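Q: Kindly return the folded structure for what I paste below:
(one chain, ligands or ions: 1)
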Amino acid sequence: MRFTKGHGTGNDFVLLPDPDGQLDLTPSTVAALCDRRRGIGADGVLRVVRAAKHPDAVGYAGTAEWFMDYWNADGSLAEMCGNGTRVFTHYLLVNGLAEPVDGGLPIATRSGVVRAEVTAGEISVDLGAPRITGGAVATLGGLTLAGTAVDCGNPHLVCVLPASIELAGLDLTRAPGFDPAAFPTGVNVEFVTSAEPVDGADAHVRMRVYERGSAETLSCGSGACAVAAVALRDAGRTAGVVAVDVPGGRLTVTLDGESCWLAGPAVLVAHGEIDLPVLTG
Ligand SMILES: N[C@@H](CCC[C@H](N)C(=O)O)C(=O)O
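A: Reported below is the predicted structural model:
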């Protein structure tokens, strides 16, 4: 089976071309592909399949030709992946599988159709306005941190750190705790510094994330959108540009109350052939 490896600010993916939806992709195959010692290694898998050929996306087939079938590294499915949609778009364009219309490309996801655009060498996607749904806490080691629940198509819990806690000092080798009643399908937890001024944006924050289904990653696009929404809310605003530094680089999020544009680099670094029986055997 052919594969491509790509990443967006270090959030890395195995892309599997399966235009006609013929691949029997299972959670254990996905986990084996994402295994960093025995497989290719990645935070998740992006199956590239026509919307008309996948039962989860057939309803979007009139709007978007391609469906990003996203799987986390542990083999679970997720509704949305912001960096994934950017890498997925890059893959479609590089392989001549899609042509932007009026500069944009619709991509179907489990959370609906998002619009991608290519500008100045970066790929941006509009994930739609994040929804702040209330307060919740996360626990980490001996810490209990107040957070804000944000729905970006997938669930997030954004914890702004008090000045006394250093972002780099957090131990994210273990999953943070959260209230399962508040997040029945799990949650991605972002730890973030207070907003500071920066040239070229309205605010600047630094973020680390523990992703549902993938553990700590170098970047999370939907998480950056959630963090930006909270940073603007804390500044009394609903619109603005937020620079979000993640361990893998910088993402820029632009909110206007209706759309939420996530911008950053997306690259494809390798192409090859997987021996599936050996991988899964
Ligand atoms: N890294 C992604 C989010 C991937 C899905 C997430 N782990 C979940 O389960 O919701 C991004 O860039 O948004």
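Q: what distance separates the start and the end of stretch 74-84?
A: From the first residue to the last, stretch 74-84 extends over 16 Å; the measure is Cα to Cα, to the nearest Å.
Q: for it, what is the average pLDDT?
A: When pLDDT is averaged over stretch 74-84, the result is 98.
Q: and Ala31, how far is that from the ligand?
A: Ala31 sits 14 Å away from the ligand, going by Cβ to the nearest ligand atom, to the nearest Å. Glycine gets a C-beta too; all of them are placed from N, C-alpha and C.
Q: host element of the nearest residue to that residue once chain neighbours are set aside?
A: Computed as Cβ to Cβ, 6 or more residues apart in numbering, the closest residue to Ala31 that is not its neighbour in sequence is Gly75, at 4.3 Å. Taking DSSP states H and E as the criterion, no element holds Gly75; it sits outside all helices and strands.
Q: give the contact list for Gly75.
A: Each residue near Gly75 by Cβ atoms under 8 Å, 6 or more residues apart in numbering is listed here: 26-31, 213.
Q: Strands of the stretch 1-150 of the chain, residue ranges please.
A: Along the stretch 1-150 of the chain, the segments classed as strands by DSSP state E, counting those that start in this stretch run 2-8, 11-17, 44-50, 66-72, 104-109, 112-119, 122-126, 131-140, 143-151.
Q: Is there a quick PyMOL command that grabs whichever of the contacts of Gly75 are buried?
A: Filtering the contacts of Gly75 down to the buried ones (16 or more other Cβ atoms under 10 Å) takes a single PyMOL command:
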select buried, resi 29+30+31+213
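Q: can you list the contacts of Gly75 in TSV and add pLDDT?
A: Compiled in TSV, those are given as follows (pLDDT from 0 to 100):
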residue	pLDDT
Thr26	97
Pro27	98
Ser28	98
Thr29	98
Val30	98
Ala31	98
Gly213	98
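Q: which of the contacts of Gly75 lies closest to Cys225?
A: Distance from Cys225 was checked for each of those by Cβ to Cβ. The minimum falls on Gly213, at 18.0 Å.
Q: so that closest one is in which element?
A: Going by DSSP H and E, Gly213 is not part of any helix or strand.
Q: and the gap between the residue lying closest to it once chain neighbours are set aside and the ligand?
A: Excluding the flanking residues, the one nearest Gly213 by Cβ to Cβ, 6+ apart is Asn72, at 2.8 Å. Taking Cβ to the nearest ligand atom as the measure, Asn72 and the ligand are separated by 5 Å.
Q: Let me know whether Asn72 touches Ala215 as I believe.
A: No. The pair Asn72 and Ala215 fails to qualify as a contact (Cβ atoms under 8 Å) at a distance of 9.5 Å.
Q: So which of these two has more stuff around it?
A: In this view Asn72 and Ala215 are compared by other Cβ atoms under 10 Å, and Asn72 has more residues nearby, 25 against 16.
Q: and the stretch 101-250 of the chain, which residues reach the ligand?
A: Residues of the stretch 101-250 of the chain lying near the ligand by Cβ under 6 Å from any ligand atom: 154, 188, 211-214, 217, 220-222.
Q: Let's see that with 5 Å instead.
A: Where proximity means Cβ under 5 Å from any ligand atom, the interface of the stretch 101-250 of the chain facing the ligand comprises 154, 211-213, 220-222.
Q: elements contacting the lowest-mean-pLDDT helix or strand in the chain?
A: Within the chain, judged by mean pLDDT, DSSP states H and E, the helix or strand with the poorest mean is strand 196-198; its value is a mean of 88. Strand 196-198 makes packing contacts with strand 201-211 when contacts are defined by 3 or more Cβ pairs under 8 Å, 6 or more residues apart in numbering; DSSP states H and E.
Q: Adjacent strands (with direction) for the helix or strand just after the strand it packs on?
A: Per DSSP H and E, the first helix or strand lying C-terminal to strand 201-211 is strand 215-217. Strand 215-217 has the following strand partners under DSSP bridges: strand 201-211 (antiparallel).
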